[in-house]
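J.: this is a predicted model, with the sequence first.
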Amino acid sequence: MASDYGQAQRQHGRTHRGSPDNAQGTHFFMINDSGTYFLRKLPPTRDATFSEETLLRRAEESKVELLDHRIDVPQGKRDFPAYLDSNRFLSNLPGTTLLFPVVDLSHQYINGLMYLLTQPAGARPTLIDDRNFYRPAGVKKWIRMVSSTRTSKIPLGSIAQMRTQIEADLILQNMFLTADAMGLGAWIHATVLPPILLGDPKFRKTYGKMLDFDYVVPKWKLADFLRWQVPIPKFAKSARRIRWGCAIRASI
Amino acid sequence: MGLRHKGEHLIKGSCPPYYDTMSEAVDDVIAAKFGPKGIYRDTAVFGPNL
């Protein structure tokens, strides 16, 4: 037990949030009156003292200024689908600080595959592709090799997350509690619709490039007619997957 | 998806187009875990005898 405790203490980045196998897939953006920032992950420090000066210096070092102003949708458009219901009156207003998480699952997708494929012989599952009609996901040769052994089946879609998607929720809860303890007043809420804030091409004509993320859309294929949630080209521009991101708002 | 700013990748997906192939992306994930700067580089803590 003592050994486990020591190990956890020395694993970088594990002190403030649960992260499956240290995936660290969550990135944060900070939005306030002075600008819009990406918060860079800093390498651990071994010799810095825990002090106000250190904390302020580290906070400043992590900030990457993306815009010299508070990012928001154009005037007159703080309404559906950019903001949901009453949050248009509450979220991302002057005088507030918004912390907005974006989770990248791609690292953990690979890591999750390695986790499963390094299981002992006989315990390794058969990977199937849930976006391709649950057919073997490139593992037919392996299935033939172990045909005498019954293995469990697991869809690729379930490996992509493996709890990494809740990192952001855990961090937001910690921020929420910390801000309240500081007397700032904060809460978790749905802010700008993530595709709009990130700059999904489907929304750029109306809302602009916003954070200007790269978007790479796979070429449409005939089999996409049968695939779940892939719009046919005629409706691609109007297909909007509505899922509001959660952010934390803090204000004095 | 990813995010670039002034030529720097702030968020870089472990997949093309940020890597030429998925094989290179996998190599990078392994390096991030067990490489010289990886999170499990300390063999005294994460060695095979644990």
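T.: Okay, I see it. Residues are numbered from 1 along each chain as shown, chains lettered A, B, ... in the order given.
J.: make it CA atoms for all contacts and neighbour counts henceforth
T.: Will do.
J.: if I read this right, residue A:36 contacts residue A:63, doesn't it?
T.: No. Counting by C-alpha atoms under 8 Å, residue A:36 does not reach residue A:63; the two are 9.3 Å apart.
J.: comparing the two, which shows the higher neighbour count?
T.: The neighbour comparison of residue A:36 against residue A:63 (other C-alpha atoms under 10 Å in any protein chain shown) goes to residue A:36, with 23 against 16.
J.: so the more buried one: helix, strand or coil?
T.: Here residue A:36 is recorded as strand under DSSP: H, G, I helix; E, B strand; the rest coil.
J.: helix, strand, or coil at the residue lying closest to residue A:34 once chain neighbours are set aside?
T.: Using C-alpha to C-alpha, 6 or more residues apart in numbering or on different chains and skipping the chain neighbours, the partner closest in space to residue A:34 is residue A:69 (5.8 Å). Three-state assignment for residue A:69 (three-state DSSP): coil.
J.: same check, this time on residue A:154
T.: Following three-state DSSP, residue A:154 is assigned to strand.
J.: count the residues that sit near it.
T.: So residue A:154, with other C-alpha under 10 Å, has 19 neighbours.
J.: what about residue A:104, how many neighbours?
T.: Residue A:104 has 23 neighbours, counted by other C-alpha under 10 Å.
J.: how near is it to residue A:161?
T.: Counting by C-alpha to C-alpha, to the nearest Å, the gap from residue A:104 to residue A:161 is 10 Å.
J.: do the same with residue B:47
T.: On the measure of C-alpha to C-alpha, residue B:47 and residue A:161 end up 27 Å apart.
J.: and if you look at residue A:19?
T.: As for residue A:19, its distance to residue A:161 is 11 Å (criterion: C-alpha to C-alpha).
J.: of residue B:47 and residue A:161, who's got more company?
T.: residue A:161 (17 against 10).
J.: tell me the secondary structure of the more buried one, please.
T.: Classification of residue A:161 using three-state DSSP returns coil.
J.: list the contacts for it?
T.: A:105, A:108-109 (C-alpha atoms under 8 Å, 6 or more residues apart in numbering or on different chains).
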